[in-house]
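K.L.:
Please find the sequence and the predicted model below.
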Amino acid sequence: MASRVETFPTRRLRLVTPWPVKEKRARSATVARARAAARNDIVLLLAPTAVLVAIGLVMVLSASSVSAALEFGSSFHYFFKQSLFAVLGVALLVACSRVSYGAWRALALPVLIAAAALLLLVLHPSFGITGGGSARWLQFGPVTVQPSEIAKLGLIAFAAMILERKARHLDDPLHLALPLLPVVLVIAVLVMLQPDLGTTLLLAGSVLVVMFLAGVRLRLLAAVAAIGALLGYALIMGESYRRSRFLSFLDPWSDPQNTGYHLKQSLIALGSGGWTGLGLGASRQKWLYLPNAETDFIFSILGEELGLFAAFGVLALFAALFVAGIRIAMRAPDPFGRMLAGGITGWLGIQTIVNLGAVTGLLPITGVPLPLLSYGGSNLVVTLAAIGILWSVARAAASSASSARGSSGRARSAQKAKGSQRKSKGSPKRGTNRASAGPRSRPRASR
């Protein structure tokens with residue numbers, strides 16, 4: 001009888017990666033993605049900043065050339081001063097990026113106290129420099145300082161520090177208000193005494209952004225915003241020049257030679273530029289038609305000389321800068337970093353919206369400069385320092401991702417070691433004598 005041979009299909013061996021190796025690779029990939037995202041945020045933050053500062057220097061030279069030549073005998077006067085402030089601001093940006101943002105927990109109160117002291121000094125007639133009806137500046141030799149710019153950064157850091165400590169009491173309005181509300185009121189009153197309503201609104205709006213990021217209930221935020229809006233309306237209607245500015249914003253052509261003059265000239269500049277502009281340096285409105293051409297209305301000169309396409313490009317750069325700030329705040333390692341980065345981003349965003357709204361007729365004119373573009377040393381230096389703090393938060397987010405990977409690896413190794421120790425204690429070794437396993441021994445037989 002013939003034997004039957006059965007054939008079985010050959011199985012291919014597949015190499016299976018052990019689970020710990022898989023987990024380690026997945027964790028490494030997650031850390032690599034986090035570090036890559038942090039690097040992208042830094043690039044997205046610094047690239048628009050550099051381009052906006054460069055555009056600002058060029059536009060300050062163009063917009064101020066006529067007024068500087070008439071007042072100082074040199075068309076480059078404001079340009080040289082702004083260039084020096086830009087160098088100082090870049091140095092502060094790098095310095096703030098290298099210092100841990102957590103240091104602002106300790107620096108917030110001293111910076112705010114120094115800003116309040118300078119704001120008090122501004123109000124003294126012997127020290128404060130008055131311009132445009134407001135005493136906003138201090139003269140230290142050849143350098144002019146605007147203390148309200150320092151107060152913006154100090155108040156944001158102070159609010160973030162206080163709200164981080166009160167994280168468990170955010171639902172209690174009374175506990176939340178102390179000491180934040182008195183400090184905000186003191187700074188706001190000092191700024192209003194200059195008077196400077198635009199900066200006061202920026203301070204209040206920045207603190208509201210920090211409160212939102214801290215997790216304060218929306219009902220409480222809405223109530224605070226409503227009370228602030230009523231106070232702002234009362235302040236606007238309480239002074240004749242503020243009331244006339246507000247009403248001229250609604251209809252600038254009703255008084256085109258007086259209260260509506262600034263907005264009318266700004267709109268003429270923007271409309272004259274068309275799509276591609278009149279050419280760099282070819283503005284007609286800077287020939288003493290548009291007041292404050294190098295400061296509050298520099299965007300109007302930019303639109304006139306470079307056109308609508310360039311204006312949209314500048315808006316895109318600002319949008320990229322704010323997106324980077326939002327992403328950095330979302331990836332911050334702790335609540336203080338999130339509130340600090342979000343507060344700085346909110347401050348710069350609100351200031352940009354207020355300025356652009358004023359020069360285009362969408363908002364009342366408040367005298368707020370455009371960040372990174374308008375002439376003004378204090379504004380430029382403090383803004384670049386704040387961007388350096390955002391850079392520090394982004395660097396800390398990348399470092400925290402790496403440290404989280406290392407700590408999880410150490411915890412896993414410790415857990416593994418504990419498991420092996422328990423195993424060795426629970427199971428006796430092979431070949432161990434029964435007599436040696438326990439303390440009892442067999443008694444000897446007595447004779």
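P.N.:
Received it, and whenever you're ready, just let me know what you need.

K.L.:
who does the longest helix along the chain touch, helix- and strand-wise?
P.N.:
Longest helix of the chain, by residue count under DSSP state H: helix 19-72. Helices and strands touching helix 19-72, by 3 or more Cβ pairs under 8 Å, 6 or more residues apart in numbering; DSSP states H and E, are helix 77-98, helix 298-330, helix 377-426. Using the backbone N, CA and C atoms, a C-beta is placed for each residue, glycine as well.

K.L.:
now the ones you listed as JSON lines including distance to residue 228, mean neighbour count and mean pLDDT?
P.N.:
What follows is the helices and strands packed on helix 19-72, written out as JSON lines (distance: least, Cβ to Cβ, whole Å; neighbours: other Cβ atoms under 10 Å; pLDDT from 0 to 100):
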{"stretch": "helix 77-98", "distance to residue 228": "30", "mean neighbour count": "18", "mean pLDDT": "96"}
{"stretch": "helix 298-330", "distance to residue 228": "22", "mean neighbour count": "21", "mean pLDDT": "96"}
{"stretch": "helix 377-426", "distance to residue 228": "23", "mean neighbour count": "17", "mean pLDDT": "74"}
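
K.L.:
For residue 355, which of the ones you listed is the nearest?
P.N.:
Residue 355 lies closest, by Cβ to Cβ, to one member of the helices and strands packed on helix 19-72: helix 298-330, at 7.0 Å.

K.L.:
can you give me how far that closest one is from the chain middle?
P.N.:
Between the centre of helix 298-330 and the centre of its chain there are 16 Å (Cα atoms, centre = their mean, to the nearest Å).

K.L.:
Summarise which helices and strands it is packed against.
P.N.:
Judged by 3+ Cβ pairs under 8 Å, 6+ apart, the packing partners of helix 298-330 are helix 19-72, helix 261-273, helix 335-360, helix 377-426.

K.L.:
between the ones you listed, which one is nearest to residue 99?
P.N.:
Within the helices and strands packed on helix 298-330, the stretch nearest residue 99 is helix 377-426; the backing value is 6.4 Å (Cβ to Cβ).

K.L.:
returning to what we had before: for the helices and strands packed on helix 19-72, which one sits closest to residue 344?
P.N.:
helix 377-426 (4.6 Å).

K.L.:
what's residue 291 in contact with, if anything?
P.N.:
The contact partners of residue 291, by Cβ atoms under 8 Å, 6 or more residues apart in numbering, come to 261, 262, 265, 297.

K.L.:
how about a markdown table for these, with pLDDT and distance to residue 377 added?
P.N.:
Below are the contacts of residue 291 laid out as a markdown table (pLDDT from 0 to 100; distance: Cβ to Cβ, whole Å):
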| residue | pLDDT | distance to residue 377 |
| --- | --- | --- |
| 261 | 90 | 27 |
| 262 | 90 | 23 |
| 265 | 93 | 25 |
| 297 | 95 | 18 |
